[in-house]
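Novice: here are the coordinates; sequence isn't available:
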C-alpha cells in the first residue's frame, strides 16, 4: 500500500472512531513513583514505536473500550521493582532498588529490567482525586502473569491467578488521604505445565519465545458508584433485529440501555442486572470485513454510566453449495487469515504503543486478509477493538498448558478456570467467530468435555476443539466439535474434507522464511518451516503458488478457511510477511493482495481459475458427485465413474471469454478448439467457427452463486448454465421452458470449479517407450537420462553406446499417485522410476510408499514449443522437471535455489517426447 493510501486509510479510521474514543479524552495520567528511575534496556531490535515510549506515555489510552468510564487514573509508568524469593513478605513502606516501566513485561527491554524473575514486587504511590470522594475506588489490571497479590497501604486487598484475563479489586477501605502506597506481588515461574503459558519459555528457542512475566497490561483506577456495572455481555440477534444485552453488576439494580449511531439513540430498553435486555436495533447495518460497522452503546445504572460498542452480525454453519460452511450474516465468507502470535522485540507480549497495536492489524487487512487467528495468546481489549473496527474476524486460541501430550491433572483446574474467565470476558467481542481450546494436542485432555464447557459459556460461535488435529500429539477427535482443522505447511497433499457436522479449515500453512540483514533477532540464527528464500521475488512467488492451491481447495476440498504462518517474524522464527521489528515487508504487497483476492473470489464464485484446467461439479444436495461433461457433442452431468474418458470429458481449460475477456470460455481438454456453448438453450460442445455469434454463445461470466459459481450467459443476460434431468441448459428462472422452473434453481445453477478430474493438460502414450529431448536452443542434442542413480542430460546420438541409449529411454506408465498423470519407468532397470527427493530428480526402485508414488508422478502440460511438454510435479507444488547445468531438478520459476533461476525457465522445463533410443 502506498504512503498516500495509508494516510487516507488512517484518516478514514480516525474519523470513524467517534463516540467511543471521544469519551476517553478527559483522562489524566497519574504521577510516577516516588524515587524509582527507569532506564530502558537495548532490545536486539527496535520497532518504529520504541523511541516513543516514555514514563509519561506508557500506553495512555483507556484500556477497556467495551466498558468505558470517563473518570479514571492511569497507573502505567515507572514503579519501583525488585525480585524476591517468594511473595510472603511484601516490602511495605520500603523503597525498591530498580525502576520498571509498567505495563511492559519484565523480560522486555522497555520494562528496564530485561530479565526473568519467578517472584517479584512492584511498588508505587498514588493520590486519589478529591472529586472521587464518596464513591468506591476500583483498582483494575488488564493482565498479570500468573499469580497476583496486591497490598494498598499495607492491607492485602486481593489475589488473583491467571495470566490472560482482566481483574479488579475494590480498594476503598484501604485508602487514606494523600499519598497511598500500592504493592503488587507477581509469581510467574512460566515452565512446569501447571497453568496456561502459550509459547512463553524461560529458555526460549525455536518456536518458543521469551517469557512475559509480571504486569503486562494497563493498570488503572476508576471511581464507581456503590451500585455499579461490571460487564456488558452483548449478543447480536440479527433475525430479531435486537441486541441481547446482559448487564453484569450489582444484583437487583435497574438498568437502561441505549443503542446509538452518530450520537443518535436508535433503540433503548430497561431491565434488571443479570436479565436479558432486548434492545431494538432497527434496520440493522450488519458488521462484516467489508463493512465493519459498529454501534455505540450507553448503559445507565443509577449514577453509574458506561459506554461501549458492538457490531450486529450473526454466526453459524450450514450446507452451502453442497458443502458445510461457516456463516457470517447467513452467508459463506471465506476466512482468509494469519497466525498472529502477538510478540514484540521491544515489549515481548506488550505492544509499545496503541498505534503499534493497530498497525499489526491494519497491515494484515491491507494485504487482503479477512481473519486473524490469535495464536495461543489473549491480547489486551484494545487489540480486539481494532479488530472490530478494522473488520477482521478472529479465531481466539486458548493459551496452551504446555507442548506435551499429557499435563499434570492438577493443571486442569487452572486451565478450565482461566478458559472460563477468558470466554466470559471476550464473548461480547464482535470480531471473534471461533474458539480454539487446543493446538496440535499440546496439553490436550478431555476434549469433548472442554468443547461442552466452551459451548455452555458461549453457544453462538463455532468451536474448533484442536487446531491441527491431524498433527503432533493430538488426541482422537471428539464427537461434538464444529471444525476439522488440518495443519499442512507446504500444501503438497490434500486437507481432510468437511463432514455432516464439521466445517473444514486449514489451521496453519506456509511458514515461508526469509532473513533480512539488519532486522534479525540473532543474526544468522533465523529459521523457517522449510527453506529460506533469498529475496522478495522468490519468497513472493512461493507464497503465490501455495496460496493459489488454497484457492483451489475451497471448492475441491470444501475448505472454508486458511491461516498463513505468519504476519510478523517472531524472534528467530523468520516466517513473517514483515520482519520482527515491523520495518521491512519481505514480500511484494501487490502480489500478495492480488492472490489473496483471487482466493476470496474463488470462494465467492466470481473466479474459477482462469488459465487453468478445471472441472465443474454439481452443488445441488444429493447430486454433488456429478460433474458437467460433454458426450456426443452435448453437455450433461454424470457421476465420476473413474473412467479416463469421463474424466477427460469433464475437464476444461478456463480461457478468457471469446466475446469478453473479463468473462470465461471453456475449451474441451481432450478436443482442443471445441468450446462449451449454448444453442437453442441446450449447452453443447462445438468447434469454434470464429464468428461473433459463436463467441457470444460460448462466453459465460462468473457470478456469485449459492456458495460457488453461477455462469451467466454473456449474450443472454439473466440466463444461467443449469443442470436439469442430467442435461445442461441455459435457464432463466421463471422462463417458459421446463428447465426454467424455480424449484432448486439457485443450487442447480451453482457449480463448484474444482481441481480437474484429469490433471494432465498434455498426453503421453501410455505403456510406450519414449525419450525426452531438451528443447532449449543450443542444447537440443541432449536427452533426459539417469546415471548412477541421478537424472541428468547428455548428448545422445545414433553412435552412442547401448547403455546410454537405454538410460535415456523411459516407459510411460499411468501415474503411481494419480491415474490422470504419468510416471516414467526406466527402460533398462524395470521397477525403477524417476522421482524427486530434495528437489533432485533421480532413479529409484518403487518402494510403494505414498511419498514415493507422489514424488514419481508428473502431470504433463503444454510446453513452450510446439509438441513439447512440461512435467509438473504432483508432490512439490508449483515445480516442473528442469535441466540445469546438466543436472535435472524439480524447479520453480524464481524460487529459492540456483536451479530456480528464471532465465530460460520456460524452455528448460519443456521436453520433446521422441521416438525412444531403445525401443
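Specialist: That came through, no problem. Bear in mind the structure is a predicted one, so any value in this text is a computation, not a measurement.
Novice: phi, psi of the closest residue to residue 747 other than its chain neighbours?
Specialist: What sits nearest to residue 747 in space, not counting adjacent residues and going by CB to CB, 6 or more residues apart in numbering, is residue 620, at 4.2 Å. No exception for glycine: its C-beta is placed from N, CA and C like everyone else's. Torsion angles at residue 620 (phi, psi; degrees, to the nearest 10) stand at phi -70, psi 130.
Novice: Isn't residue 620 up against residue 722?
Specialist: No: here residue 620 lies out of contact with residue 722, judged by CB atoms under 8 Å, at a distance of 9.9 Å.
Novice: Neighbour count: these two, which is higher?
Specialist: Neighbour count, other CB atoms under 10 Å: between residue 620 and residue 722, residue 722 has more, with 27 against 20.
Novice: any idea where the helices of the stretch 701-850 of the chain begin and end?
Specialist: Taking DSSP state H, counting those that start in this stretch, the helices of the stretch 701-850 of the chain run over residues 745-748, 802-807, 850-855.
Novice: can you check the stretch 101-250 of the chain too?
Specialist: So, for the stretch 101-250 of the chain - with DSSP H, counting those that start in this stretch - there are no helices.
Novice: Check what pLDDT residue 191 gets.
Specialist: With respect to pLDDT, residue 191 scores 85.
Novice: Now residue 522. Nearest residue, chain neighbours left out?
Specialist: In this structure, residue 522 finds its nearest non-sequential neighbour in residue 572, 5.6 Å apart by CB to CB, 6+ apart.
Novice: List the residues that contact that neighbour.
Specialist: For residue 572, the contacting residues are 205, 206, 520, 521, 522, 525, 526, 527, by CB atoms under 8 Å, 6 or more residues apart in numbering.
Novice: can you do 7 Å?
Specialist: Neighbouring residues of residue 572 by CB atoms under 7 Å, 6 or more residues apart in numbering: 521, 522, 525, 526, 527.
Novice: The stretch 501-650 of the chain: helices as residue ranges?
Specialist: Per DSSP H, counting those that start in this stretch, the stretch 501-650 of the chain carries helices over the ranges 536-556, 589-604, 644-649.
Novice: what's the closest of those helices to residue 350?
Specialist: Closest to residue 350 of the helices of the stretch 501-650 of the chain, according to CB to CB: helix 589-604, at 27.1 Å.
Novice: and the angle from that closest one to helix 536-556?
Specialist: 0 degrees (axes from the mean of the first three to the mean of the last three CA atoms, to 10 degrees).
Novice: quick one on the thing from earlier: is it possible to mark the buried ones in the contacts of residue 572?
Specialist: 521, 526 (16 or more other CB atoms under 10 Å).
Novice: quick check, nearest of the contacts of residue 572 to residue 503?
Specialist: Proximity of the contacts of residue 572 to residue 503 (CB to CB) peaks at residue 527, which lies at 32.2 Å.
Novice: Quick check: which of the helices of the stretch 501-650 of the chain is buried the most?
Specialist: helix 536-556 (a mean of 22; mean count of other CB atoms under 10 Å).
Novice: Please produce JSON lines containing the helices of the stretch 501-650 of the chain, extended by distance to residue 429 and mean pLDDT.
Specialist: Shown next, in JSON lines, are the helices of the stretch 501-650 of the chain (distance: least, CB to CB, whole Å; pLDDT from 0 to 100):
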{"stretch": "helix 536-556", "distance to residue 429": "26", "mean pLDDT": "96"}
{"stretch": "helix 589-604", "distance to residue 429": "23", "mean pLDDT": "98"}
{"stretch": "helix 644-649", "distance to residue 429": "47", "mean pLDDT": "97"}
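Novice: and those as CSV, adding distance to residue 301?
Specialist: Shown next, in CSV, are the helices of the stretch 501-650 of the chain (distance: least, CB to CB, whole Å):
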stretch, distance to residue 301
helix 536-556, 47
helix 589-604, 43
helix 644-649, 67
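Novice: among the ones you listed, which is nearest residue 271?
Specialist: helix 589-604 (40.5 Å).
Novice: where does the stretch 251-400 of the chain have low pLDDT?
Specialist: Within the stretch 251-400 of the chain, no stretch has pLDDT under 70.
Novice: can you give me the helices for it?
Specialist: 354-366, 381-390.
Novice: Please identify the most buried of these.
Specialist: helix 381-390 (a mean of 23).
Novice: Hey, what's the angle from it to helix 354-366? Just curious.
Specialist: Going by the same axes, to 10 degrees, helix 381-390 makes 40 degrees with helix 354-366.
Novice: Show me what helix 381-390 is packed against.
Specialist: Applying 3 or more CB pairs under 7 Å, 6 or more residues apart in numbering; DSSP states H and E, one finds that helix 381-390 contacts helix 354-366.
Novice: measure stretch 689-703 end to end?
Specialist: 27 Å (CA to CA, to the nearest Å).
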